[in-house]
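Undergrad: Starting from these lines, generate the structure:
(chains A, B and C)
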Amino acid sequence: MSLQIIQDNIDIEPTNQKIVYDTKDLNLWYGEEQALKNINFPIYENEVTAIIGPSGCGKSTYIKTLNRMVELVPIVRISGEILYRGKNIFDKAYKEEELRTKVGMVFQKPNPFPKSIYDNIAYGPRIHGIRNKKILDEIVEKSLRGAAIWDEVKDRLHENAYGLSGGQQQRICIARCLAIEPDVILMDEPTSALDPISTLKIEELVQELKQNFSIIIVTHNMQQAARISDRTAFFLSGEIIEYAKTDKMFSNPSDKRTEDYITGRFG
Amino acid sequence: MKYVNAAQVQKKLNTRLSINKLAKSLFLISILFSLVVLVILFYRVISQSLGWIDLQFITSKLSTVAENAGIMGAILGTLWLMVVVAPITLILGVGTAIYLEEYAKKGRLQRFIQTNISNLAGVPSIVFGILGLTVFVRGFELGNIVLAGGLTMSLLVLPIVVVASQEAIRAVPGYLREASYGMGATKWQTIKNVVLPASLPGILTGAILALSRAIGETAPLVVLGIPALLIPLPDSIFDKFTVLPMQIYYWTLDSALVAEYANLAAATIVVLLLILFLMNSIAIIIRNKFQRRF
Amino acid sequence: MAIRTTLDKDLERLKELLIEMVNLSKTAVEKSVQSLAHQNIMMAQEIIEEDQKINELEEKINNLIIQLIAQQQPVASDLRAIIAGLKISNDVERIGDLAVNIAKSVLHIGESPLIKPIVDLPKMADMSIDMLTKVIQAYIDSDIDLAIQTAKYDDNVDELYGKIINELFELMPTKPESLNQITQLAFICRNLERVADHTTNMSEHIIYMVKGKNVDLNA
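TA: Take a look at the predicted model:
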């Protein structure tokens, strides 16, 4: 389905790509403080969409709204709509538990459960009622392969996940996410706690994953956003300032604020 | 100009080092003091019990003849008491902790409940005795059976389990819960699969400490009217019973009449101490074995 | 507190080096035409030797640019300024070489008397040099209007070039003994036209630097 523009610097050429998330007039408050102001933009299928911006700009808040994890904070208030493949995620009838099986999340600090690697990956499927051991075995292998870590752990599936290095733990978390066979993967600064080599391995993984999933990644590392994303959104003080294809954003951004941020003149 | 120069450091160095040594000595003295008191206590008890602890002592029933008296009844009674206290405190205590930590909305009501539970821990144990007497022994017309004693002691040690469980649950890092919710788990699934397994060591430690306290308390049971006289050995929770502390109490009281009762009391104290020591060791082992660095 | 002072300083330095290089090339072109007008062999020699300086500057600029890219990860306008700088230095170095070519032609003509008083050649040279002067200013000021304006003069230069070449071709059959000189004069003419082309390229790079768009002003 094609989409005609726009608002200011939300730059969308008409395209035939499917929209995965369409955010409309989203506003969010933590108590009295407004954290997100009038967010409007589409996110496309099978792309890596990066969200960048200085600390406190609302990018983490935004991504946590996409799978309604932000509502774990009691004083949160939301207005507006977010359509996930056409359905408003804030609809009373649409349960968060259901949404989260389609939209998985990887967090900043690798957070595997204090269980075996196998149990970590099987957690998701088991939660949703899959008990058959053969099926679970299959899901575990497929997910670990999908996260490019099968070969490293296939001989120690029943060891505790905490015995792995930080980079490996994060890939376990990605595998755990893949095990529920989602459609979209949200990543909230997934490599900021990792060393450079692990970071690059995960960036490589993200490029592979985008063939089958839509990935939305929040990062404060601009070079990372430039390296791996197809489109980038620039947030500032709770607003979305610019949204464009990454090559344009980083070679010739439209808004001066974007220019100043990505050249490092402020932020 | 440099302020923290060599001269300045030299000026104060010796004084500071001396005060450092003094502090260390003071703390050493305080622990020595505690140890000395402990050693004296142990010495007195052990010396009085020498020769009186043997298999016959542990396995025999009571007798007015000091040489033949044994504490089997008291041991069995203590065990039956644990049979009642353990499940009740675990279920009620952990349930309360889960509600307070995971479900209750943080606000005035929750703080009110929290304060009251913490205060319960400070209520004199004898008050629980009066409560138990009124409600369980007389109100429910149970009489002074194991069940009544167990229920009373459960109420006494419940705050310990609740607080320990709350601490353990609170210590489970938020990001583990987030990971679970992120995959579409419900709140109960998250509690059952992530929070409880992670907080189990803390909960168990709290439970064992509570049990240790329960089998060592005497005052409430005195009020309930638990005897220490010859009674048939308890077979179920509906039987009359006695416990080790009661035994110690009565033998000590009567040692004015029969001198050997003092030795029996001492022997019982040693057995009780051994049991408590064992239980606390188990608590420590469990805690260490399951310690996960998050 | 300013962030990225290192980057800003280096970008300033890049600008300075480029301006220095362009001025050297401009001087070389001016001198080369002068040396033709006065048939000054020594001057022509100087130009050839001084080209060394221009080449050294280009190398300096290249190294600075590589260092900037590797160490500062420039993006957006910084990146465009650097890339434009790279391309401009290339064009400027070529202009320097064209001046050398003119000087060599002057040497080939030597001291043989000129077959006709050269009027149009200096006029063409003035135009090209004027374009260079303007383009330098456009670069310093990031002035794309000036850059576009300057590029338009290329048409005038081309026109004059056509005229001179025709004249020279007509002269050829009438003065066969001066074939060498006529040929050299034609070369000089061609080189001056190339100077104007390169200057137009520089205008294109300036537009890219400021606007982020590639345009073709040579058409």
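
Undergrad: which residues of chain B score low on pLDDT?
TA: Applying pLDDT under 70 to chain B flags residues B:230, B:291-294.

Undergrad: Now the element after the top helix by length along it, going C-ward?
TA: In chain B, taking DSSP state H as the definition, the longest helix is helix B:6-49. Next in sequence after helix B:6-49, counting helices and strands by DSSP states H and E, comes helix B:55-59.

Undergrad: how about that following helix: buried residues?
TA: Neighbour counts over helix B:55-59 (16 or more other CB atoms under 10 Å in any protein chain shown) mark B:Phe57 as buried. Bear in mind the C-beta positions are built from the backbone N, C-alpha and C, glycine included.

Undergrad: same thing with stretch B:215-222?
TA: B:215, B:217-222.

Undergrad: Which of the residues you listed fall within helices?
TA: The helices, defined by DSSP H, take in B:215, B:219-222 from the buried residues of stretch B:215-222.

Undergrad: which bits of the stretch 151-267 of chain A sit near chain B?
TA: A:162, A:173, A:176-177, A:180 (CB under 8 Å from any CB of the partner chain).

Undergrad: now, which of those sits nearest chain C?
TA: For these, the residue nearest chain C by CB to the nearest CB is A:Cys173; the value is 28.5 Å.

Undergrad: wait, doesn't that closest one sit right on A:Val106?
TA: Yes - the criterion here is CB atoms under 8 Å, and A:Cys173 meets it with A:Val106 at 5.4 Å.

Undergrad: Show me the helices in chain C, by range?
TA: C:5-37, C:41-72, C:76-109, C:120-141, C:144-174, C:179-211.

Undergrad: Please convert the ones you listed to JSON lines, extending it with distance to chain B and mean neighbour count.
TA: Shown next, in JSON lines, are the helices of chain C (distance: least, CB to the nearest CB, whole Å; neighbours: other CB atoms under 10 Å in any protein chain shown):
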{"stretch": "helix C:5-37", "distance to chain B": "30", "mean neighbour count": "18"}
{"stretch": "helix C:41-72", "distance to chain B": "36", "mean neighbour count": "16"}
{"stretch": "helix C:76-109", "distance to chain B": "35", "mean neighbour count": "22"}
{"stretch": "helix C:120-141", "distance to chain B": "48", "mean neighbour count": "19"}
{"stretch": "helix C:144-174", "distance to chain B": "51", "mean neighbour count": "16"}
{"stretch": "helix C:179-211", "distance to chain B": "45", "mean neighbour count": "21"}
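
Undergrad: Low-confidence bits of the chain, can you list those?
TA: Reading this off chain A. Residues of chain A meeting the criterion pLDDT under 70: A:1-8, A:11-14, A:267.

Undergrad: oops, I was thinking of chain C
TA: C:1, C:219.

Undergrad: got the residues of it near chain A?
TA: By CB under 8 Å from any CB, the residues of chain C that approach chain A are C:3-4, C:7, C:73-80, C:211-212.

Undergrad: and the two most separated of the residues you listed?
TA: The distance between the two most remote of these (CB to CB) is 25.1 Å, for C:Ile3 and C:Lys211.

Undergrad: Angles on the backbone of whatever residue of chain A ends up closest to chain C, please.
TA: Residue nearest to chain C within chain A: A:Asn252 (3.2 Å; CB to the nearest CB). Backbone torsions of A:Asn252, given as degrees, to the nearest 10, read phi -150, psi 70.

Undergrad: and it, how many neighbours?
TA: Look at A:Asn252: counted by other CB atoms under 10 Å in any protein chain shown, it has 18 neighbours.

Undergrad: Surely C:Val106 touches C:Ser35?
TA: Yes - assessed by CB under 8 Å, C:Val106 is found in contact with C:Ser35 at 5.1 Å.

Undergrad: what do the two both touch?
TA: Residues touching both C:Val106 and C:Ser35 by CB atoms under 8 Å, 6 or more residues apart in numbering or on different chains: C:41, C:44.

Undergrad: Pick out the residue nearest the middle of chain C.
TA: Residue closest to the mean C-alpha point of chain C, counted by CA atoms, centre = their mean, is C:Ile95 at 3.5 Å.

Undergrad: which residues touch that one?
TA: C:25-26, C:28-29, C:132, C:195, C:198-199.

Undergrad: and with 10 Å instead?
TA: C:21-22, C:24-26, C:28-29, C:54, C:128, C:132, C:191, C:194-199, C:201-202 (CB atoms under 10 Å, 6 or more residues apart in numbering or on different chains).

Undergrad: B:Ile275 too?
TA: By CB under 10 Å, 6+ apart, the contact list for B:Ile275 reads B:75, B:78-79, B:212, B:215-216, B:244.

Undergrad: Relative to chain A, which of these is nearest.
TA: For the contacts of B:Ile275, the nearest to chain A is B:Ser212 (27.5 Å; CB to the nearest CB).

Undergrad: Verify the stated contact: that closest one with B:Val161.
TA: No - the criterion here is CB atoms under 10 Å, and B:Ser212 misses it with B:Val161 at 11.9 Å.

Undergrad: Show me which of these two is the more surrounded one.
TA: Ranked by neighbour count (other CB under 10 Å), B:Ser212 and B:Val161 place B:Val161 first, with 28 against 20.

Undergrad: give me the element that one is part of.
TA: In this assignment (DSSP H and E), B:Val161 forms part of helix B:146-170.

Undergrad: do B:Ala283 as well
TA: Short version, using DSSP H and E: B:Ala283 is in helix B:260-289.

Undergrad: which of the residues in that helix are buried?
TA: Result for helix B:260-289 [16+ other CB under 10 Å]: buried residues B:261-273, B:275-276, B:279, B:283, B:286.

Undergrad: what angle separates it from helix B:6-49?
TA: Angle, helix B:260-289 to helix B:6-49, by axes from the mean of the first three to the mean of the last three CA atoms, to 10 degrees: 140 degrees.

Undergrad: Taking chain C, what residue is nearest to chain A?
TA: Distances between chain C and chain A by CB to the nearest CB are smallest at C:Gly212, namely 3.2 Å.

Undergrad: Touching, B:Phe140 and B:Leu151? I think so.
TA: Yes - assessed by CB under 10 Å, B:Phe140 is found in contact with B:Leu151 at 8.8 Å.

Undergrad: Between these two, point out the one with more neighbours.
TA: B:Leu151 (22 against 12).

Undergrad: Nearest residue to the more buried one in space, please, no chain neighbours.
TA: Counting by CB to CB, 6 or more residues apart in numbering or on different chains, the nearest residue to B:Leu151 once its immediate chain neighbours are dropped is B:Phe136, at 5.1 Å.
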